[in-house]
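Visitor: coords please:
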Amino acid sequence: MGRDTERIEREIEEARTRLASTLDEIAVRADPQRIADDTKAVVMAKLNQPKVKYSLIGAGALVVGLVLVKLFR
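Guide: Just a heads-up that it's a prediction; the model follows:
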């Protein structure tokens, strides 16, 4: 009977340790600042691709051109 109690207590302690580790991992993954930083890095990497960058520059130039034409007509 004593051995069963010790085994159960050891299993409970191991489960607590695993749970604490899991909670720490969740806290790291759910950190809003880390999520924002990761998202910013992904967006910046996408915007720095030449195809995207030059397309946005072209679209911006087109909008500026259209605004200028509209103003001076």
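Visitor: tell me the centre residue of this protein?
Guide: Among the residues of the chain, I35 comes closest to the average C-alpha position under C-alpha atoms, centre = their mean, at 3.4 Å.
Visitor: what bits of the chain have low per-residue confidence?
Guide: For the chain, applying pLDDT under 70 flags the ranges 1-2.
Visitor: how's it carved up into domains?
Guide: The chain is divided into the following domains under automatic domain parsing: 1-30, 32-73.
Visitor: State which helix of the chain is the longest.
Guide: Longest helix in the chain, counting residues (DSSP state H): helix 2-29.
Visitor: Can you name the element that comes right after that helix?
Guide: Of the helices and strands lying after helix 2-29 in sequence (DSSP states H and E), the nearest is helix 32-47.
Visitor: Point out the other helices and strands that that following helix packs with.
Guide: helix 50-71 (3 or more C-beta pairs under 8 Å, 6 or more residues apart in numbering; DSSP states H and E). Glycine gets a C-beta too; all of them are placed from N, C-alpha and C.
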